[in-house]
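Novice: heads up, no residue letters with this:
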């Protein structure tokens, strides 16, 4: 995986603000990439770039500064350029998700460049015509111009998503839970206990149940209680029962005893 | 669609740098959202926020400043908080894509909040426990802390993707082409013309064809020529032929005449 990330370079053309270079370096590293190419940046190196790069100073230090886009992409087998919609000559176009998938797939075979233009004008038509594909972020038509580093963030994010999807990682871990889920039989005992406690409280009348227990059952089923939560809830129910008994006398205890002892 | 975007608010808690507030406002507007809530920002309003917001100054002006997270989310039916992995008590967790889909789906029914924490420490455990779900951007484990506005950009981007996916828009338009594709019969005439021109040039010998024509056919099939490109290519071939005839004499013209005249 690391090797393939090394085959992907982010190329920034004629960047005006060094802060954007720094923020782009941070996005690049956050998304697991490393290689940044700068084509004739207006102000670089610069303190503001270092400050905005935060802990991605290494990406900034290793950035390759070049005089032309041609040099920056010469050894690449796939070049994707960011473009606004509606250029005069349509070019093969990817959406950001397709872009991430294509870049990740092809990076196993050859070097790949993802090219970003100037803050105010993007890439020129001549530069765009050097690209294999164009990619467009389908932003709000009323304000579609993303900040340069924000555009880098979105497109490198989609590369990372493609990489993680291929590895089936880390989503399978994200929903990991620290405590095992309660089993059905344990839940059934809980529902019995719950009903007894509600009867003891005078809240629920088994002879006129309406939908109370059904609704509570649906509620707790939806939550998918884990075993620790279940024992907390059982503890609460026991405390409710003990409180009721203390008020009404211990002989009450026999009346609402569960039929099945758990 | 616009109405639903209005039901989604981005909430920034205890933001230190006004530049991040401005950049977040820009991301919010770029992705078609409008509502920004600021919980006790350290420095706001501020010139730096306005500067970084660029053409999203309206979002910044309409931002709601509040003293507590409780107030900012009180009327919401769904609250998603951004979280690093590995909090002590796991919470129902979404990945960014699921987060975008869930927010978009539920925003048709009630107000939804997407909550972001401090630049340096994120949300506190207490704040996270007020959320219905947590969302985690699966960044590089070696440097997983995104800039605040970059995180806003990624998660609002996924909301927009969910909105566009539902509308089947705009991807169907992205691959629109200005010129109709060439038909098979037109392509076949082109391949005949191409072969004749290559024969005229002495580049191709029909008696010893090797794979030349097959490879050229595969190349042009892959490109999926449009009708204008096809006529350009035909023009080039005619120019090649005319050039060859001029050098070799017009009587050559009869020899490499296509069997089928187009």
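Specialist: Cool, got the structure. Quick caveat, the model's predicted, so the values are computed rather than measured. Residues are numbered from 1 along each chain as shown, chains lettered A, B, ... in the order given.

Novice: The biggest helix by length in chain A and chain B, any residue contact?
Specialist: Ranked by number of residues, the top helix in chain A under DSSP state H is helix A:227-248. No: judged by CB under 8 Å from any CB of the partner chain, helix A:227-248 makes no contact with chain B; its nearest approach is 10.1 Å. C-betas here are computed from N, CA, C, even on glycine.

Novice: what residues does that helix touch?
Specialist: A:179-182, A:186-187, A:190, A:193-194, A:196-197, A:200-201, A:223, A:225, A:252-253, A:256 (CB atoms under 8 Å, 6 or more residues apart in numbering or on different chains).

Novice: So which bits of stretch A:204-222 are buried?
Specialist: For stretch A:204-222, a neighbour-count test (16 or more other CB atoms under 10 Å in any protein chain shown) marks A:204, A:212-213, A:217, A:220 as buried.

Novice: thinking again about what came up before, mind listing what's buried in the longest helix of chain A?
Specialist: So helix A:227-248, judged by 16+ other CB under 10 Å, has buried residues A:229-230, A:233-234, A:237, A:240-241, A:244.

Novice: Go through those and say which is closest to chain B.
Specialist: Nearest to chain B, judged by CB to the nearest CB, of those is residue A:229 at 10.7 Å.

Novice: ok, residue A:158 to residue A:102 distance?
Specialist: 10 Å (CB to CB, to the nearest Å).

Novice: ok, those two, which is more surrounded?
Specialist: residue A:158 (27 against 20; other CB atoms under 10 Å in any protein chain shown).

Novice: For the more buried one, give me its contacts.
Specialist: Residues near residue A:158 by CB under 8 Å, 6+ apart: A:96-97, A:99-101.

Novice: hmm, back to that, centre of the chain to the longest helix of chain A, how far?
Specialist: Relative to its chain's centre, helix A:227-248 lies at 40 Å (CA atoms, centre = their mean, to the nearest Å).

Novice: just the strands in the stretch 51-200 of chain A please.
Specialist: With strands called from DSSP state E, counting those that start in this stretch, the stretch 51-200 of chain A shows them at A:64-66, A:78-82, A:93-94, A:112-116, A:133-135.

Novice: The third one: partners in the sheet, and parallel or antiparallel?
Specialist: Looking at strand A:93-94 with DSSP bridges, its partner strands are strand A:133-135 (parallel).

Novice: Tell me the predicted confidence for the residue in the stretch 51-200 of chain A that chain B sits nearest to.
Specialist: The nearest approach of the stretch 51-200 of chain A to chain B comes at residue A:140, 4.1 Å away (CB to the nearest CB). As predicted, residue A:140 sits at a pLDDT of 95.

Novice: lowest-pLDDT helix or strand in chain A?
Specialist: The weakest-scoring helix or strand in chain A, judged by mean pLDDT, DSSP states H and E, is helix A:171-174 (a mean of 40).

Novice: What are the contacting residues of stretch A:59-76?
Specialist: A:9, A:11, A:13, A:21-22, A:25-26, A:28-29, A:34-41, A:44-45, A:49-50, A:53, A:79, A:110-113, A:115, A:127, A:130.

Novice: Can you narrow those residues down to the ones near chain B?
Specialist: Okay, of the contacts of stretch A:59-76 touching chain B (CB under 8 Å from any CB), that's A:26, A:29.

Novice: Show only the entries of the contacts of stretch A:59-76 found in strands.
Specialist: Using DSSP state E, the subset of those located in strands is A:9, A:11, A:13, A:35-39, A:79, A:112-113, A:115.
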